[in-house]
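In: Could you work out the structure for the sequence below:
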Amino acid sequence: MKVFISYASKDEALARKLTASLEDAGLDAWYDKREILPGDNWAEKISQGLKESNAMVVLLTPQALQSDAVQNNISYALGQEAFRNRLIPVIIGDANDFPADSMPWIFKRLQTITVLKDDEEAEQFKKVAEAIKAAA
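Out: The predicted structure is shown next:
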């Protein structure tokens, strides 16, 4: 199963950790920093990555919720049958600290995974992998 990682550029360190955790669990992670090379058409590569993937993890931070790219990724996943029950929102920090009404409505209907502290990351990222495998 190929898992597309959607995140804001400011959250790159977290995305790297998530990618490693998913791959340690035997999943194939599509991570832009590895997949898009200098000179590549960024939009084409993202589109290709989305089409090749059948699950998505969205790292939700205040920065991600302001990112057009993250919003576009979410919209794409919601419209594709391949992502049904395989769109996993991971809230980084306390959602109550996010700007009011910034959380997409759909994430109030989906089961989320929350990472409140840095020392919880590894354990919660394992839960992400488990959730994806259970939906396979």
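
In: Now V58: which helix or strand?
Out: Applying DSSP states H and E as the criterion places V58 in strand 55-60.

In: how about the following helix or strand past that strand: buried residues?
Out: Remark: after strand 55-60, the chain's next helix or strand is helix 62-65, criterion DSSP H and E. Of the residues in helix 62-65, A64, L65 count as buried by neighbour count, 16 or more other C-beta atoms under 10 Å. (Each C-beta comes from the backbone N, C-alpha and C, glycine too.)

In: Over to stretch 108-125?
Out: Quick answer for stretch 108-125 (16+ other C-beta under 10 Å): I113, V115, E121, Q124, F125.

In: Nearest to L78 among these?
Out: I113 (18.0 Å; C-beta to C-beta).

In: so what pLDDT did the closest one get?
Out: As predicted, I113 sits at a pLDDT of 92.

In: got it, and Q71?
Out: For Q71, pLDDT reads 92.

In: Would you agree A15 is in contact with V57?
Out: No. With contact defined as C-beta atoms under 8 Å, A15 does not count as touching V57 (9.1 Å).

In: Mutual contacts of the two, please.
Out: I5 (C-beta atoms under 8 Å, 6 or more residues apart in numbering).

In: Counting neighbours, go ahead and name the busier of the two.
Out: V57 (27 against 20; other C-beta atoms under 10 Å).
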